[in-house]
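[1] Would you be able to build a 3D model of this:
(2 chains)
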Amino acid sequence: DAGITQSPRHKVTETGTPVTLRCHQTENHRYMYWYRQDPGHGLRLIHYSYGVKDTDKGEVSDGYSVSRSKTEDFLLTLESATSSQTSVYFCAITGTRQDTQYFGPGTRLTVL
Amino acid sequence: QQPVQSPQAVILREGEDAVINCSSSKALYSVHWYRQKHGEAPVFLMILLKGGEQKGHDKISASFNEKKQQSSLYLTASQLSYSGTYFCGTESFNDYKLSFGAGTTVTVRA
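    Below you'll find the model as predicted:
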């Protein structure tokens, strides 16, 4: 298993509250990604990072922000959670563009 | 823009074959294939780079037609363990991120 963990694994929160999800890797990989997975949509990229403090938006970035202050940690923040952000969130890492993307175990987020 | 996968779902009996297709409107640098079991994270199967090279993983193989921007995944002599949802991820040139298809759910029955 690639050394990638996500926390929390499950979270229930209320609309309007801030939420932060953490992705932690021990592989020293350069690239890190946040995806959300919803039925019928597959995996959709939210944000990604190509180095410390280097991040960029994916296709569904509205309502989300990210930070990467250390190689090993990539944080995803929902500033004010909405019910449409109820989803399963996966973090992924890769060393180079030609490499496998290894996925974390996922975080199931429910926004009531 | 997400690649288009077909079919959406397929049901097989053990030993049967199936083909899953993935097509993109963009010029592709690579195609990745993943399988996901229910409640688990996607697991990498193989990557195909431009050049039409065919890859294999056990009795699962894939091809990449860069002229048509299409890739196909071949499940040969399917086993119960092949059940799951298969996703293709496509990467365009000058890009460092994958766009995933909506997935193809494969059910293999005894």
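[2] From here on, just use CA atoms for contacts and neighbour counts.
    Noted.
[3] Follow the chain on from the lowest-mean-pLDDT helix or strand in chain B and name the next helix or strand.
    In chain B, the helix or strand scored least confidently by mean pLDDT, DSSP states H and E is strand B:55-57, which has a mean of 68. As assigned by DSSP states H and E, the chain's next helix or strand after strand B:55-57 is strand B:60-65.
[4] any residue of that following strand up close to chain A?
    No - against chain A, strand B:60-65 shows no contacts by Cα under 8 Å from any Cα of the partner chain, the least distance being 15.0 Å.
[5] Direction included, what does that strand pair against?
    Paired neighbours of strand B:60-65 in the sheet (DSSP bridges): strand B:55-57 (antiparallel), strand B:70-75 (antiparallel).
[6] Give me the pLDDT value at the residue nearest the centre of chain A.
    Centroid-nearest residue in chain A, with Cα atoms, centre = their mean: A:Trp34, separated by 2.9 Å. Predicted confidence (pLDDT) for A:Trp34: 97.
[7] Nearest residue to it in space, please, no chain neighbours.
    A:Cys91 (4.6 Å; Cα to Cα, 6 or more residues apart in numbering or on different chains).
[8] Could you do A:Leu45 as well?
    Once flanking residues are discounted, A:Leu45 sits nearest to A:Tyr35: 4.5 Å by Cα to Cα, 6+ apart.
[9] Now do the strands for chain A: every range, in order, please.
    Ranges of strands in chain A, per DSSP state E, are A:4-7, A:10-13, A:19-25, A:31-38, A:42-51, A:54-57, A:64-70, A:73-78, A:87-94, A:102-103, A:107-111.
[10] Contact partners for the residue of chain B at minimum distance from chain A?
    Nearest to chain A, among the residues of chain B, is B:Ala102, at 4.0 Å (Cα to the nearest Cα). Listed by Cα atoms under 8 Å, 6 or more residues apart in numbering or on different chains, the contact set of B:Ala102 reads A:40-43, B:2, B:4-5, B:87.
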